[in-house]
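Q: What follows is a predicted protein model with its sequence.
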Amino acid sequence: DGGITQSPKYLFRKEGQNVTLSCEQNLNHDAMYWYRQDPGQGLRLIYYSQIVNDFQKGDIAEGYSVSREKKESFPLTVTSAQKNPTAFYLCASSNVKFNYGYTFGSGTRLTVV
Amino acid sequence: RKEVEQDPGPFNVPEGATVAFNCTYSNSASQSFFWYRQDCRKEPKLLMSVYSSGNEDGRFTAQLNRASQYISLLIRDSKLSDSATYLCVVIYTGGFKTIFGAGTRLFVKA
């Protein structure tokens, strides 16, 4: 079955560390996205990518970086510059041409220890 | 004013009740509309697309009013398993600007 896979499910980061969250999809979707969700709040866009080797900043890109070397993969790095990284991170993909909405991965819960 | 606004909730309803969620959007260039359901500590999942003609899927009915820039979701005969947060999603022309509402939490009680 096609889908979108995020790993790990839970991640603990020490102060000053960079960590990378994985996102892989086999839906043949062109567009991929990273969102952050804080408790009781809505989703906020971090980065998105429409095609391979291209990506754009979202509303809260500071302290994050991404790459899109393959259509299937869109990893997110949470750098030490992100001062409050504890949150639920969601990766999504979409077929923009047909606009059927987003498919989300199951998320990564990141905690700073 | 937020680009997409939902009822703040939470809604507490008994089993079997009918519950309505409302969502307004501010940008008339909005093109596509969806309702998502998010269970606690899980990812959002697509519930329904929303069309101007209205669409129904079992106990769920979604409606779009472009003139008033308003979408709605109606759940009839609510079940305990309907308890979740319902997110309104608006996608603008071009498909790369998507706004999620903050969500409305629903609690269905026995």
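A: That came through, no problem. Computed from a predicted model, the values in this text were never measured in an experiment.

Q: Give the other helices and strands that the worst-scoring helix or strand of chain B on mean pLDDT contacts.
A: The weakest-scoring helix or strand in chain B, judged by mean pLDDT, DSSP states H and E, is strand B:98-100 (a mean of 88). In terms of contacts (3 or more CB pairs under 8 Å, 6 or more residues apart in numbering or on different chains; DSSP states H and E), strand B:98-100 is packed against strand B:84-92. For every residue, glycine as well, the C-beta is placed using N, CA and C.

Q: After the least confident helix or strand of chain B, which helix or strand is next?
A: Next along the chain after strand B:98-100, taking DSSP states H and E as the criterion, comes strand B:104-109.

Q: which strands and helices sit next to that following strand?
A: Applying 3+ CB pairs under 8 Å, 6+ apart, one finds that strand B:104-109 contacts strand B:11-14, strand B:19-25, strand B:84-92.

Q: buried residues in that strand?
A: B:104-106, B:108 (16 or more other CB atoms under 10 Å in any protein chain shown).

Q: Would you mind giving those as JSON lines with pLDDT added?
A: Formatted as JSON lines, the buried residues of strand B:104-109 follow (pLDDT from 0 to 100):
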{"residue": "B:T104", "pLDDT": "95"}
{"residue": "B:R105", "pLDDT": "95"}
{"residue": "B:L106", "pLDDT": "97"}
{"residue": "B:V108", "pLDDT": "98"}
